[in-house]
Each structure stands twice: as C-alpha cells, then as structure tokens.
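Student: could you look at this predicted model? Sequence included:
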Amino acid sequence: MVPDKKNIIAQLRQDILRVQGYKPVENKSIIDLGPLLGAFPNGAFPLASLHEFISYSPESTAATGNFITGLLSQIGLASFIWISARPTLVFPPALKLFGLNPERVVFIEARGEKEVLWCAEEALGSKAVTSVIVETGELSFKQSRRLQLAVEKSGSTGFFLRQFPRKIEPNACAARWAIQPSPSIPVESDFPGVSHPSWTVELLHVKNGRPGKWSFAWSGGTIAPVQRNHHKPFTLAGNEKIAV
Amino acid sequence: MERFLAIWFRQLTTDWLLLHQPRLEKIPFAYIVTEQHRKIVQAPNVLSKSLGVHKGMLLADARIICPGLEVMDAQSNFEHRLLRVIGLWCIQFSPRVAIDGDNGLLIDLTGCAHLWGGERDYFKTVVYSLQQRGYDVRCAIADTGAAAWAWARFGKTNPVIAPGAQRKALLTLPAAALRLDGYMLKRLKQFGLNTVNLITAQPMASLTPRFGKELIERMNYCFGNEVEPFIPLCEPQVFREQLACLEPVITRKGIEIALEQLLDTLCQRLAKEGKGLRTAVFSCYRIDGDLQEQRVGCNRATSKASHLFHLFQEKIGSFEPALGFELFSIEAPHVEAAPPQQEILFSRSGNIDTPEFAELLDRMLNKDGVIKATRYLPAEHHWPERSVRPAKAITEESGEWRITKPRPFSLLPSPERIEVIVPIPDYPPKVFTYRGKTHKVVRADGPERIENEWWLENRLLRDYYVVEDEHGARYWLFRAGHYGDKNPVEWFIHGFFG
C-alpha cells in the first residue's frame, strides 16, 4: 500500500512538472554537479533555459566566470557566444585552464545594454550555438520572458552574468545563482601555496526547486563537490585520492 | 560592332530649375556668373532666349532687352553634378554611361538595344523618358561616340545612323560637328573649310602642319579609325541584377518583394557558378532621381538568398520612398569562390565554421550598435597583455595554447598600483591594499618571472604571485623590477582569479 502511494505521488509530481512545461529530461549526464542537482526539478541541470548569476564584486565575478566556464566545458564540443557591452572581462587563456577551448568562443562587443539584449535574443534563438553568455547589469521580467521564448524555440542555454545589478526582480530565469570564492582547501594539511580554486555556490532561487548552498572546487578537470568540516582537516570528495 | 547613344541636353540647368520651381514656367530667367565684377549670363531659359538673351551676354545688356529677367547665381560644377545624377539613372538603359562635356551624356548601348525591341524603340524609350521628366534633349545613335555627339547636335534627319554609315552622314555637317575649339574653327573658316566634306577632301599631309594633330585626331574619332577613351560613371559589375517597376513602389512590402526577386536571381547565378558573395549592395532609384543604397557584409561567401534577405530586412526601414522607387538593383562587388556545401543534418555539431554560425554572426555584425566580434588565438608572447591576438578569420586555426602557469579569469586593462607589506625580499606580500581595501594574504604561489620583451618596449621585468586572501578571493600581483635597483620597488595588481 505504502510504496503504491509513493509511486502515485511521484507520478503526480511528474505530471505537474509536465503541465508546467518541464519535459522529462534525457540529458541527465550532460552536466554533473553532484548533490546540487537535487535542487532542480527532475534532478537534472535545466538546459534550454536561462540562468542568472549575481555578483557584487570583481572577485565574485571572476569566480562566477570560472564556474560557468567549468559548466560549459562539460557540454563538450560546441561553440559559444559571449556578449558584453564593453570590452569583455575575460582573459581568454583562463578559459583553457577551466577546460574550454578559447577558440570556440566568439566575443561580441555591443554599444549598450539594449544592443546586448538584442544580440542575446538573436544568438539564443539560433540553433548554431549551444550556449550564450551575456555580461549585463539589468534583466527585467519582460526582457527575460522574451529571451525565454527564444530559448524554448532553439534549445540553447543562456547564462547571464549580472554584475552590480541595481534591481533584482522576479523573472523567467530557471535559476538565480550567487557564487563567491571560498578559502581553498590544501591538498595536504601543511601543503604550502594556493590549492584548487573553490567556490561557495548558492542557489538563491530555483523554479520548482529547492534553493540551497553548496561548496565546490575545481579539481581533476571538473567541478567537484567539497565536504567542508571545520573541525577536521578539509577533505576533497573528488576523484582524487587524498591523504587525510 | 559598338554602338553609342549621345544625349544633348539643350537646357540642362534651366530645365532642372523648372522641374523644381514650376512657377518660373512663364517667366524669363537666366543663370548668371560674376567674372571680374561683371555679371554675365550663363544659361538663359527658352523664354528669355526667344527675347534675344544669349549665353555670354552682359546682364546689364540683357536687362535692357528683357526688363523682367529673373536671375539666379549659377553654382560652380552644377552641370557636372546634375549630369552625374541623370547618368546614374540612365544605367537602367545600359551599364556603361559616361558624362560627355558639360551638357551631354554618352551611353554605350552595344548589346542592349534588342532588350527594348531594336535600336529605334530603344531610342524612343530613352528620349521619351527624358522628355517626360521635362528635359529638352536631342539624341542620336552612331557607331562612335564622337559621331553620335555630332549627329545629335547638327544632324537634320533620321537620328539613328545605320551601322557603317556614319562617314557618309557626317560629311554634310558643318566643321563645328568635329567638336573643335573656337580658335581652330576660325582658322578653318579663314581657309574656307566650312564643312566636314571640305576638310576630308584636303590631303592629310597639308592638314597636319596647318592645324596640328588635334584635327586629325577628332576626325579619326568620328569615323572610328581611332577609339575614343570612354570613362563610365561606374564600372559595370559582373554580378548585378535589376528590376524595373511599372508603378512606383512605396510600401515596405513592395520593396521586400523586389529585394527577394533580385536576390533569388542573383543567388541562383552565383550558385550555378560555384561562387558566393561577401558584400552586396542594394540600390533603390527613386522617381525624382534620388539614389539610395544599403550594403551588407558577410563573414563567409554565401549564395543563400534567405540569409541575405534577412540581413537586408534590418535595413529596409532606412529607405525613404517618398513618391516611390521605380527601379531596384542589387550587385555583388566582392565575390569569392564558395564550393557548394552539403547540408548538415545535425546543426548542433557545435563547430564554429558552420554556415549557420557565420550567418548568426553576419546578422549581429550588420546590426547598428554592434561594435565587433572577436575570437582570440594565442600569440607568441609571454607578456600577458600580448599573449592573445584577435583571429583574422572565423575559420583561422591556431597553434597550441601553451598554458601551464595559472592565468586570471579577468585581466585588468592596465596594472593598478597597490600598497604592500613584504616581510623579506623575493617573498609575496603579507598584506596589500587595493582601492582602499586591505587584504590579508593567507596563501601565495610564485614567483613566476616574466621578462620584458626588450625588442618591443623598454619596461621592467615582472615577478608574478598568485595570492589568496582570508576570504578565499585570489589575485594576481606582481612586483616590477629587481630589489636593489636604484628606484624603489613597486607592486601592482593585474587580475582576478575565480
């Protein structure tokens, strides 16, 4: 009786998601973020939708940029468009360090925010690119709605890197992220020098999901979850073997 | 066999003024120029001419003959500008049109006349369409430009001289038909050589020493013994299509239909020859003689009409049809070989050199407000600012990205000064202050020494450190120069790691 009930509820949940426009996903393996994926509906990273990343400092912008680069590198062989209203922040060699071939990225420089959004819509609506990264400040409900329509048609994913946003209002993005750098965990407790880049990844808002906070580090060429325990020496829960 | 049509505008400037100011129709007026404080009539209209005003007359004299004479100041070079506009409009009759003197045009109609049903109908169309506009023209068709010029101005009978018959026709004309200057005509008159046949009757050996080479040259041009230089207004394009409309087109939809038709024919031609265009120019000829153009550029040679149509669609809004366009043309000044490509089944291959990707970039770059699109390739420099360079083409392949040392996600456009506390030389700082905020350095890596490229510029070497502060934020700092140099050591921040 009890498992039946569970099955029914799970089935109903799926139905509700389907009604809300979430298709059952087959791309579960494309982007792997370990425990974080539980925050999303169906337990899969929502591709073919919009993601916004909020940052209020250059340090957090750089962390966000690297995190996005890490995500993109998991998409594999693909070309990307990076749109900005001023000369881009990105130093292309850094992309290589996070697993992305800088040659596959075309940087578009537009005159103002309006032109940036025009380009974003054009790029997101095209089937030629898999992902579009947009450096912008503001993203209103109306604008995000329009871009969402473009994304639904083409199936590409939009990443909005919002630096110093003046206003954060509800919009059509599937998730709102905030990524901060966090103190790196030495590979061994008394190992000198800086270690793997680590981040505190916060999901401020997830559509039909559960927001939360996680720790990640870039290790072994992928974004690996980290268990933080301040009483014991830090450990990495990646693929690497680490002496504790 | 070449054929030329000469057009003589008998009242070029005054006709133009009448077109724009119809109130002057019943008023005698003239264009005047001022020479050495004297006002001289340059171009009288038909009405004032009938009253006795002629070119070169003093304005004071003209006023006595014709008290109500209105005058306008002639603009310098106005005839030439006007002829240029009319000449460009005449491109609908032939791709090769040239300005001929200050009151005429010359059209090379070789191989064009049959499109209008023969030379006689061609001639009628040209004359009629110019006269309908309000220009008083006289035209003639002949084998050479010079003969057509002469026949238009001095011919009395049938304006179309049959091929090979121009010598016979020209013989009856006065000497002025050879287009000689006033001094030469006066000299000829002194010898009693008033008509062309009298001149040609003279032995060549006696003409040259008396009248110089010019006379012989002019005769050769007329009779086709020598080819007269012909400088067309614009070089005819190989890939050019045009579409004339029965009724002037005013609406956006109309322009779009015309554009679509032109692109279809042009692209079919391109595809057949295995070529693609890199730039395309769409020109609209307005009914009042105005010419409006828009051009688009492509990242890779294309012969896809739908893509080009999409690019132009953004720009159609800038056309001003006013009373309407009567002629559209499209040309491809820059054409490259483009072997036909197999249609890709799965466009999501993600390759950067797919046509879809190039089309997307074209759309963006042809949009007003998009500054540039750049792809970065590694450059062979260690100095961070010079370590990348923009790719020259979308398909350009690079060498290898040789990155073994950490590089920051964002690099500051130029390094910024920071205040530091360093415990021992050649050690990373313990504390640094950037923009008024103090950061305590917890961990650090380095130094990575990058030497100045002395053959490019004269700078101090840099020792780079990756430092992490107590919050985990990472920075790229460097010290410029060695310790122990005369100048005090300076520290800079150059980037942010993520």
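Tutor: Arrived safely.
Student: got the residue ranges for the strands in chain A?
Tutor: For chain A, applying DSSP state E gives strands covering A:50-55, A:80-84, A:105-110, A:131-136, A:157-163, A:175-182, A:198-206, A:212-219, A:222-227, A:235-236.
Student: helices or strands up against the second one?
Tutor: Yep, that's strand A:80-84 we're talking about. strand A:105-110, helix A:113-124, strand A:131-136 (3 or more Cβ pairs under 8 Å, 6 or more residues apart in numbering or on different chains; DSSP states H and E). Heads up, the C-betas are built off the backbone N, CA and C, glycines and all.
Student: export it to PDB, keeping only CA atoms.
Tutor: Output of strand A:80-84 as PDB, limited to C-alpha atoms (Å, rounded to 0.1, in the frame of the first residue of the first chain):
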ATOM      1  CA  PHE A  80      29.800  29.700 -27.600                       C
ATOM      2  CA  ILE A  81      29.000  33.300 -27.900                       C
ATOM      3  CA  TRP A  82      30.000  35.700 -25.200                       C
ATOM      4  CA  ILE A  83      28.300  39.100 -25.400                       C
ATOM      5  CA  SER A  84      29.200  42.200 -23.500                       C
END
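Student: residue nearest the centroid of chain A?
Tutor: With distances taken as Cα atoms, centre = their mean, A:I68 lies nearest the centre of chain A, 5.3 Å away.
Student: around the residue lying closest to it once chain neighbours are set aside, how many other residues sit close by?
Tutor: Of all residues not flanking A:I68 in the chain, A:F159 sits nearest, at 5.2 Å (Cβ to Cβ, 6 or more residues apart in numbering or on different chains). A:F159 has 24 neighbours, counted by other Cβ atoms under 10 Å in any protein chain shown.
Student: so A:F159 bridges to which residues?
Tutor: A:H51, A:I133 (DSSP bridges).
Student: that one contacts A:T136, doesn't it?
Tutor: No: counting by Cβ atoms under 8 Å, A:F159 does not reach A:T136; the two are 10.7 Å apart.
Student: what's the overlap in contacts for those two?
Tutor: Common neighbours of A:F159 and A:T136, counting by Cβ atoms under 8 Å, 6 or more residues apart in numbering or on different chains, are absent.
Student: how about TSV for the helices and strands packed on strand A:80-84, with mean neighbour count, distance to B:H80 and mean pLDDT added?
Tutor: Below are these laid out as TSV (neighbours: other Cβ atoms under 10 Å in any protein chain shown; distance: least, Cβ to Cβ, whole Å; pLDDT from 0 to 100):
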stretch	mean neighbour count	distance to B:H80	mean pLDDT
strand A:105-110	23	42	90
helix A:113-124	22	41	91
strand A:131-136	24	52	92
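Student: and the pLDDT for whichever residue of the stretch 51-200 of chain B sits closest to chain A?
Tutor: With Cβ to the nearest Cβ as the measure, B:L88 is the residue of the stretch 51-200 of chain B nearest to chain A, at 33.5 Å. Note for B:L88: predicted pLDDT of 88.
Student: ok, now B:E343?
Tutor: 48.
Student: could you do B:Q36 as well?
Tutor: Taking B:Q36 on its own, its pLDDT is 87.
Student: neighbours of residue 39, how many?
Tutor: Chain wasn't specified; assuming chain A. 17.
Student: right idea, wrong chain: chain B
Tutor: 17.
Student: so which of the strands of chain A is nearest B:E273?
Tutor: strand A:105-110 (30.3 Å; Cβ to Cβ).
Student: which residues does that closest one contact?
Tutor: A:79-88, A:90, A:92, A:95, A:116, A:118-119, A:123, B:352, B:361, B:364, B:369-376, B:394.
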